[in-house]
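J.: Here is a sequence together with a model predicted from it:
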Amino acid sequence: MQLEEALAVLQHHHWKRTPQRQRVLELLATAEQPLSAHDIVREMRPFYPDISAETIYRTLHQLASYNIIVPIHLHSPGGERYEWSQTHHHHQICLHCGQIACLPACSIEATPAENGFFVTQHVLEEYGYCAACQTQRSSSEQKQKREEERFL
Ligand SMILES: [Zn+2]
Ligand SMILES: [Zn+2]
Ligand SMILES: [Zn+2]
């Protein structure tokens, strides 16, 4: 969804467009990875020192109810995040730096309903180490090894 499209939806719902709300929208529309309410508060604080987490939560819930953003229930620290509405897909979460990467479109098919169960949605999250953290880990391991060798 384009930002203009989202603004049209909001106008249709008579959503009051304050500068703060506009900023939240822009942050989500341009974010490189899903954002938590906490991330948004942190981004907004320098410009709006009295902004509260509750205000942000309320705004996020409203935007999600209009399907402009989608809640993502990541098991990583910080909990629920939101991302701009787009094609259904999954995420990879780095256990070291917390970076969240979006995966290409999903290829998982619903399990045939042999037991009569009707699947409406599914969740998949991959955990591991991003490329940068792998390099860091291997170089710090090597460094540790060199230091150990020095004492032998
Ligand atoms: Zn990482
Ligand atoms: Zn994503
Ligand atoms: Zn999927």
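T.: Noted; the coordinates are in hand. Ligands and ions are numbered 1, 2, ... in the order given.

J.: ok, now how distant is the residue most central in space within the chain from ligand 1?
T.: Note on the chain: the residue nearest the mean C-alpha position is residue 34, at 1.8 Å, using C-alpha atoms, centre = their mean. As judged by C-beta to the ion, to the nearest Å, residue 34 and ligand 1 stand 15 Å apart. Just so you know, the C-beta spots here come from the backbone N, C-alpha and C atoms, and that holds for glycine as well.

J.: From ligand 2, how far out is that residue?
T.: 6 Å.

J.: what's that residue sitting at in phi/psi?
T.: phi -60, psi 140 (degrees, to the nearest 10).

J.: ok, it - contacts?
T.: By C-beta atoms under 8 Å, 6 or more residues apart in numbering, the residues touching residue 34 are 72, 74, 81, 82, 83, 91, 100.

J.: Show me what the one helix or strand the fourth one maps to is packed up against.
T.: Residue 82 belongs to strand 81-84 when assigned by DSSP states H and E. Of the remaining helices and strands, those touching strand 81-84 by 3 or more C-beta pairs under 8 Å, 6 or more residues apart in numbering; DSSP states H and E are helix 19-30, helix 53-65, strand 69-72.
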